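J.: Sequence unavailable; structure follows:
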């Protein structure tokens with residue numbers, strides 16, 4: 001009895017993953033001329049996707065992609081209908097392979113620094129290297145596909161250092177010792193290793209994708225009060241800059257009324 005039950009569950013998971021893939025393919029077709037775009041997740045009210053759409057280059061970060069990402073973040077920042085935002089790739093088995101090396105020298109600083117008031121999740125379903133991992137570190141939470149094998153900051157192997165906040169965000173997430181280990185060795189972690197390190201928050205089951213697990217997480221988050229989520233995010237984000245007594249005194253109303261970046 002247990003084996004058939006497991007097989008039925010696997011079939012349901014595979015069907016769900018297939019539907020997600022088809023949805024992403026449709027979005028990519030409609031927005032074929034864009035390297036980054038926003039789209040609602042129709043099956044999950046309040047959840048939107050911020051899609052990376054450079055399939056031929058594995059979503060390597062170009063000047064155009066950066067500009068469109070910034071435009072999308074500026075747009076979504078003021079949209080109260082967006083309860084949770086998922087950063088993802090439109091291509092199966094992909095996330096972001098880092099900076100486009102052809103355009104890298106024209107970029108003074110590869111950084112997306114537009115704060116989003118709503119919770120953000122990175123769905124990592126392929127290599128997240130260099131600037132790609134740094135994009136995910138700028139999100140509140142990270143979810144990786146079980147089979148992802150390349151998550152890391154390889155810049156020191158190229159004679160440079162992480163240039164989009166990796167040295168700072170990785171240190172805040174991992175602590176100095178592990179951040180140094182990751183950056184000094186230029187190693188790549190598998191999804192289970194990244195989960196063990198604390199670099200990602202969740203990984204999918206072997207039968208599903210990081211995007212599917214991110215949708216499940218977004219659904220859980222979106223059940224909660226949107227104003228409370230935004231206030232909680234702002235309070236947590238400000239904790240590094242405030243004395244403990246000041247932070248303890250913050251109330252939701254104080255935060256909602258405070259000026260936004």
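T.: Sure, I can see it. Note that the structure is predicted; figures quoted are calculated from it, not measured. Numbers count the residues shown, from 1 in each chain.
J.: Show the residue spans covered by the helices in the stretch 51-200 of the chain.
T.: Along the stretch 51-200 of the chain, the stretches classed as helices by DSSP state H, counting those that start in this stretch are 63-76, 101-104, 131-137, 166-174, 176-185, 191-197.
J.: Please point out the stretch among those helices with the lowest average pLDDT.
T.: Per-stretch mean pLDDT for these is lowest at helix 101-104 (a mean of 61).
J.: TSV for the helices of the stretch 51-200 of the chain, including distance to residue 239 and mean neighbour count?
T.: Bear in mind the C-beta positions are built from the backbone N, C-alpha and C, glycine included. What follows is the helices of the stretch 51-200 of the chain, written out as TSV (distance: least, C-beta to C-beta, whole Å; neighbours: other C-beta atoms under 10 Å):
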stretch	distance to residue 239	mean neighbour count
helix 63-76	22	17
helix 101-104	34	14
helix 131-137	17	28
helix 166-174	11	17
helix 176-185	18	15
helix 191-197	22	18
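J.: a markdown table please, covering those helices and showing distance to residue 88.
T.: Supplementary listing: those in a markdown table, determined by distance: least, C-beta to C-beta, whole Å:
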| stretch | distance to residue 88 |
| --- | --- |
| helix 63-76 | 13 |
| helix 101-104 | 22 |
| helix 131-137 | 10 |
| helix 166-174 | 19 |
| helix 176-185 | 23 |
| helix 191-197 | 15 |
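J.: do you know which of those lies nearest residue 233?
T.: In terms of C-beta to C-beta, the element of those nearest to residue 233 is helix 63-76, at 13.9 Å.
J.: Give me the helices and strands touching that closest one, please.
T.: strand 36-40, strand 47-52 (3 or more C-beta pairs under 8 Å, 6 or more residues apart in numbering; DSSP states H and E).
J.: please redo it, this time with the cut-off set to 10 Å
T.: Helix 63-76 is packed against strand 36-40, strand 47-52, strand 84-89, helix 101-104, helix 131-137, with contacts defined by 3 or more C-beta pairs under 10 Å, 6 or more residues apart in numbering; DSSP states H and E.
J.: returning to what we had before: out of the helices of the stretch 51-200 of the chain, which gets nearest to residue 228?
T.: Shortest separation from residue 228 across these is recorded for helix 63-76, at 19.0 Å, computed as C-beta to C-beta.
J.: what is the orientation angle of that closest one with strand 36-40?
T.: 30 degrees (axes from the mean of the first three to the mean of the last three C-alpha atoms, to 10 degrees).
J.: between helix 63-76 and strand 47-52, what angle do the directions make?
T.: Using the same axes, to 10 degrees, the interaxial angle of helix 63-76 with respect to strand 47-52 works out to 160 degrees.
J.: to the chain's geometric centre, what's the distance from helix 63-76?
T.: In terms of C-alpha atoms, centre = their mean, to the nearest Å, the centre of helix 63-76 is found 15 Å from the chain centre.
J.: now do stretch 148-157
T.: Here the centre of mass of C-alpha atoms in stretch 148-157, compared against the chain's by C-alpha atoms, centre = their mean, lies 16 Å away.
J.: just so I have it, where are all the strands in this structure?
T.: 36-40, 47-52, 84-89, 120-124, 128-129, 141-144, 151-152, 188-189, 202-203 (DSSP state E).
J.: Dump the helices and strands packed on helix 63-76 into a markdown table; add distance to residue 162 as well.
T.: What follows is the helices and strands packed on helix 63-76, written out as a markdown table (distance: least, C-beta to C-beta, whole Å):
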| stretch | distance to residue 162 |
| --- | --- |
| strand 36-40 | 21 |
| strand 47-52 | 19 |
| strand 84-89 | 18 |
| helix 101-104 | 13 |
| helix 131-137 | 6 |
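J.: And these: which comes nearest residue 196?
T.: Taking C-beta to C-beta as the criterion, helix 131-137 is the member of the helices and strands packed on helix 63-76 that comes nearest to residue 196, at 16.1 Å.
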